[in-house]
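[1] Compute the structure for the input listed below.
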Amino acid sequence: MDILKPWQEKVVGKRMEAIQKVEARLEGAPKGKKTAILEEVSKESNVTRRTLATWIALKKDGGNYALVPLHGLSQKKILDRNPEMGKYFLDLVLKKRGLNPKEAIEKTARNFQDRYEIPSTKTFYNFLYSRVNRNELLNLQFPEIWNRRHAPYVMRNWDECEVN
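    Residues are numbered from 1 along each chain as shown. Got it, this is the predicted structure:
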């Protein structure tokens, strides 16, 4: 991980501790007890069950780095620190008929896994939507759908129309 501020290390440590408790209890638990275990650990950790589930999903999706709180920082800054990765990802998505964002994220992760720590999927989406409007993205990737949605009126060239 990058160099973290002391308060970030403290928060990540608390989150990791709660996640490790859940994982340890789930190991030998019978099937169907996940919610009850989440409830117990959430009460012990003084967080809601949903927050704990979100932390687990973040760790699963983006590793320990996804647990770092970014108060005051925009999510896109993670990819701004690695401009090569951000540019590669945008190039894949923003070219005409380019890859859909999910495929671009997977391809970027494969190509940069040796050089950089890969951010979460949510971070990639936040980075993309901070750079381009969702309608523009739809127009680039699926012009037919964009035309159906945003250009419902047919433009006619009246000079070429025949009179009845």
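[2] can we go C-alpha only for contacts and neighbour counts from here?
    Fine.
[3] Longest helix in the protein, by number of residues?
    helix 6-27 (DSSP state H).
[4] Can you give the contact residues for that helix?
    By CA atoms under 8 Å, 6 or more residues apart in numbering, the residues outside helix 6-27 that reach it are 33-34, 37-38, 41-42, 45, 52, 55-56, 67-69.
[5] same question, stretch 41-48
    In contact with stretch 41-48 (CA under 8 Å, 6+ apart) are residues Ala18, Lys21, Val22, Glu39, Arg49, Leu52.
[6] so the residue positioned nearest the centre of the chain is in which element?
    For the chain, the residue nearest the mean C-alpha position is Lys122 (1.2 Å; CA atoms, centre = their mean). According to DSSP states H and E, Lys122 maps onto helix 121-131.
[7] Who are the packing partners of that helix?
    Applying 3 or more CA pairs under 8 Å, 6 or more residues apart in numbering; DSSP states H and E, we find helix 121-131 packed against helix 76-80, helix 101-112.
[8] What average pLDDT does the first one get?
    Along helix 76-80, the predicted local confidence has a mean pLDDT of 64.
[9] What about Asn64, how many residues nearby?
    Neighbour count of Asn64, defined by other CA atoms under 10 Å: 19.
[10] Can I get whatever helix or strand Trp55 lives in in PDB, CA atoms only?
    Assigned by DSSP H and E, Trp55 belongs to helix 49-62. Taking Å, rounded to 0.1, in the frame of the first residue of the first chain, the C-alpha atoms of helix 49-62 are listed here in PDB:
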ATOM      1  CA  ARG A  49     -24.400  -5.000   9.400                       C
ATOM      2  CA  ARG A  50     -24.600  -3.300   5.900                       C
ATOM      3  CA  THR A  51     -21.400  -1.400   6.500                       C
ATOM      4  CA  LEU A  52     -19.600  -4.500   7.500                       C
ATOM      5  CA  ALA A  53     -20.900  -6.300   4.400                       C
ATOM      6  CA  THR A  54     -19.700  -3.300   2.300                       C
ATOM      7  CA  TRP A  55     -16.200  -3.600   3.800                       C
ATOM      8  CA  ILE A  56     -16.100  -7.300   3.000                       C
ATOM      9  CA  ALA A  57     -17.200  -6.600  -0.600                       C
ATOM     10  CA  LEU A  58     -14.700  -3.800  -1.000                       C
ATOM     11  CA  LYS A  59     -11.900  -6.000   0.300                       C
ATOM     12  CA  LYS A  60     -12.900  -8.900  -2.000                       C
ATOM     13  CA  ASP A  61     -13.200  -6.500  -5.000                       C
ATOM     14  CA  GLY A  62     -10.200  -4.200  -4.500                       C
END
